[in-house]
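1. Any chance you could fold what I've pasted below:
(chains A, B, C and D)
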Protein chains: 2
Amino acid sequence: MVFMSSELPEPPWSSRRGRRPRREPLTREALTTVALRIVDEDGLDALSMRRLAQELGVQASGLYTYVSGKAELLQLMLERVSAEVEVPDPDPEHWQEQVKDVLRGLYRVLGSHRDLAGAALANIPLSASALTFADRAIALLIAGGLPPKVAALAADLLPQFVTVSAYEGSLFAQRLEREPDYFDRVTAFFSALPPERFPTLMSLTDELMSNEGDERFEFGLDVLIRGLATFVP
Amino acid sequence: MVFMSSELPEPPWSSRRGRRPRREPLTREALTTVALRIVDEDGLDALSMRRLAQELGVQASGLYTYVSGKAELLQLMLERVSAEVEVPDPDPEHWQEQVKDVLRGLYRVLGSHRDLAGAALANIPLSASALTFADRAIALLIAGGLPPKVAALAADLLPQFVTVSAYEGSLFAQRLEREPDYFDRVTAFFSALPPERFPTLMSLTDELMSNEGDERFEFGLDVLIRGLATFVP
DNA sequence: TCGATTTGCAGAACACTGTTCTAGCAATAG
DNA sequence: CTATTGCTAGAACAGTGTTCTGCAAATCGA
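-> Predicted structure coming up:
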């Protein structure tokens, strides 16, 4: 519960007439922190400027002194989050596991903030932390023996895969929250399909349905690293 | 320009009193067609129920007789679009190029409808055409010698990659439309970075900036197929 | 210490969004 | 010829991001 100084009108006999105390001014950091908490609790759709303002004990219009709009707010949140991921110094012998671990870390961090990853799909991150991440990640790839051009392209491809995987995972979790029988319904739907129209699909029902989100992520990781490894001379 | 029968009030001396002609009823197909045209012309954000209704010469509330909501409308649009992609019969000798061609087709079709791919990230497609696509695509992979489990996982991974690539490509194009100097500004930004903080990044500036969207897509395709090929016994 | 400027925010307003509800007309069925 | 059904208009609800005006408090300069 936030105390707002405007809850009651100032009585005219107030001893502090004309000296109403003012709340500590906000900061971009405070906005980012509270916005992240809202997303963590209720998802990206629940993050509106009015909701954020309310939780800060402020009117929505007041936020625009600190942030040019919602887009910039999302940028700040993504920078804050991506700064949590650490990239080790290159060890050429184990570059594949190193890259995998870094991407797993990014996946965990993104996934721990609900569907925030959806916002990451829209903008190219150009913050200092994102650049440091990219710089060190490319260093890992080059230490592994990848040609520079391939390393540069991979620096785009790999985070793209992680981001969309985290996003889809969060969407699936969100759906399961709302309708807990979604998985069963999809399974039933598949079982009821006419086998003659989808012969290959039907012969793989078990394999298709048994894949948790994390298993799919690990598989994608594996395929990508194996594919990149074929570029090492 | 759509003629609306309610443009003028019916004069009381009308010879067709009480027999006002009625427009041909709408169909889900008509909604889908017009909605796709709106997205093609002005992007996914421009597709609102009111705008769609207006272009159909109808009130927004009338659309809900045909569609349960905007989500279902997006589903219909995606089904219509994905039905355009054809998958050839398996040719085990050339499975890699076959899979690549299919994914290229999907990329082209999605990319030809602006940022519609963004809507595809949110929902698992379960329409007949999507299932046929999946069925035949998995058949290609299995014909290539991939283990069933790997083929099933790849059937998820590959379209995911295509979709997010098409989406990011459309966002980039959209940005270039609004601010034509965006590319130059990013290049200038990179050039102005302190080389001592981002040594690896700076040594690759040319490689990082010279990659068109399609080249990045082709690279990702290559990496994925190479990685999958390593699973062939 | 007094006045001027800047800062930080409130409140109202604008132009939208998806969706639901009520009511009534048009075509169809009994 | 009446009753039912299908289709749609119009209003309304509860939100959304953003901008503008105005005012009070804090800060700065003299």
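2. okay, CA-based contacts and neighbour counts for the rest of this
-> Fine.
3. Tell me how many other residues surround the nearest residue to residue A:209 once chain neighbours are set aside.
-> Nearest-residue entry for residue A:209: residue A:187, 7.0 Å, with adjacent residues in sequence omitted and distances by Cα to Cα, 6 or more residues apart in numbering or on different chains. The number of residues packed near residue A:187 is 16, by other Cα atoms under 10 Å in any protein chain shown.
4. Against DNA strand D, how distant is residue A:187?
-> If you measure residue A:187 against DNA strand D using Cα to the nearest atom of the strand, to the nearest Å, the figure is 32 Å.
5. For that residue, give its distance to residue A:99.
-> 35 Å (Cα to Cα, to the nearest Å).
6. now the helices for chain A?
-> Per DSSP state H, chain A has helices spanning A:28-42, A:49-55, A:70-82, A:95-111, A:117-120, A:128-143, A:148-178, A:182-191, A:199-202, A:205-209, A:213-229. These are given in chain order.
7. Run the angle between the first one and helix A:70-82 for me.
-> What separates the directions of helix A:28-42 and helix A:70-82 is an angle of 80 degrees, with axes from the mean of the first three to the mean of the last three Cα atoms, to 10 degrees.
8. elements contacting helix A:28-42?
-> helix A:49-55, helix A:70-82 (3 or more Cα pairs under 8 Å, 6 or more residues apart in numbering or on different chains; DSSP states H and E).
9. Run a quick neighbour tally on the closest residue to residue A:134 other than its chain neighbours.
-> Beyond its immediate neighbours in the sequence, the residue positioned closest to residue A:134 (Cα to Cα, 6+ apart) is residue A:155, lying 6.7 Å away. Residues near residue A:155, counting by other Cα under 10 Å, number 19.
10. hmm, back to that, the residue nearest to residue A:209 and residue B:149, how far apart?
-> Per Cα to Cα, residue A:187 is found 17 Å from residue B:149.
11. same thing with residue A:156?
-> Between residue A:156 and residue B:149 the distance is 28 Å, computed by Cα to Cα.
12. closest point of chain A to chain B, which residue?
-> When scored by Cα to the nearest Cα, chain A has residue A:227 as its residue closest to chain B, at 3.7 Å.
13. ok, that residue - contacts?
-> The contact partners of residue A:227, by Cα atoms under 8 Å, 6 or more residues apart in numbering or on different chains, come to B:222, B:223, B:224, B:225, B:226, B:227, B:228, B:230.
14. How about the last one: what's its closest non-neighbour residue?
-> The one in question is residue B:230. Nearest non-adjacent residue to residue B:230 (Cα to Cα, 6+ apart): residue A:226, at 7.2 Å.
15. Low-confidence ranges, chain A, go.
-> In the predicted model of chain A, residues A:1-23 satisfy pLDDT under 70.
16. Kindly report the residues of it close to chain B.
-> Listed as neighbours of chain B in chain A under the rule Cα under 8 Å from any Cα of the partner chain: A:121-122, A:131-132, A:134-136, A:138-139, A:148-149, A:152-153, A:157, A:160-161, A:164, A:168, A:171, A:197-201, A:204, A:207-208, A:211, A:216, A:219-220, A:222-228, A:230.
17. Tell me the buried residues within those residues.
-> Neighbour-count burial (16 or more other Cα atoms under 10 Å in any protein chain shown) is assigned, among the residues of chain A next to chain B, to A:121, A:131-132, A:134-136, A:138-139, A:148-149, A:152-153, A:157, A:160-161, A:164, A:168, A:171, A:198, A:200-201, A:204, A:207-208, A:216, A:219-220, A:222-228.
18. Isn't residue A:93 up against residue A:142?
-> No. Between residue A:93 and residue A:142 there is no contact under Cα atoms under 8 Å: 11.9 Å.
19. Now residue A:127. Its backbone dihedrals?
-> According to degrees, to the nearest 10, the main-chain angles of residue A:127 amount to phi -80, psi 170.
20. burial measure for it, as a count.
-> Using other Cα under 10 Å as the criterion, the residues surrounding residue A:127 number 16.
21. For it, which non-adjacent residue is spatially closest?
-> Per Cα to Cα, 6+ apart, closest to residue A:127 is residue A:79, 6.5 Å.
22. Would you enumerate the residues in contact with that neighbour?
-> For residue A:79, the contacting residues are A:125, A:127, A:129, A:130, taking Cα under 8 Å, 6+ apart as the criterion.
23. got JSON lines for those residues, with distance to residue B:65 too?
-> Listed next are those as JSON lines, based on distance: Cα to Cα, whole Å:
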{"residue": "A:125", "distance to residue B:65": "42"}
{"residue": "A:127", "distance to residue B:65": "47"}
{"residue": "A:129", "distance to residue B:65": "50"}
{"residue": "A:130", "distance to residue B:65": "47"}
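24. which one of these is nearest residue A:58?
-> Using Cα to Cα, residue A:127 is the member of the contacts of residue A:79 that sits closest to residue A:58, with 27.8 Å.
25. Give me every residue in chain A lying close to DNA strand C.
-> Applying Cα under 7 Å from any atom of the strand, one finds that chain A approaches DNA strand C through A:6, A:23-26, A:57-63, A:65.
26. what does stretch A:171-181 rub up against?
-> When contacts are defined by Cα under 8 Å, 6+ apart, stretch A:171-181 is touched by residues A:115, A:182, A:183, B:122.
27. and that stretch, which residues are buried?
-> The neighbour-count criterion (16+ other Cα under 10 Å) identifies A:171, A:172, A:173 as the buried residues of stretch A:171-181.
28. list the contacts for the most centrally placed residue in chain A?
-> When chain A is reduced to its mean C-alpha position, the closest residue under Cα atoms, centre = their mean turns out to be residue A:117, at 2.8 Å. Shown in contact with residue A:117 (Cα under 8 Å, 6+ apart): A:110, A:111, A:163, A:164, A:166, A:167.
29. could you measure it against DNA strand C, distance?
-> Taking Cα to the nearest atom of the strand as the measure, residue A:117 and DNA strand C are separated by 22 Å.
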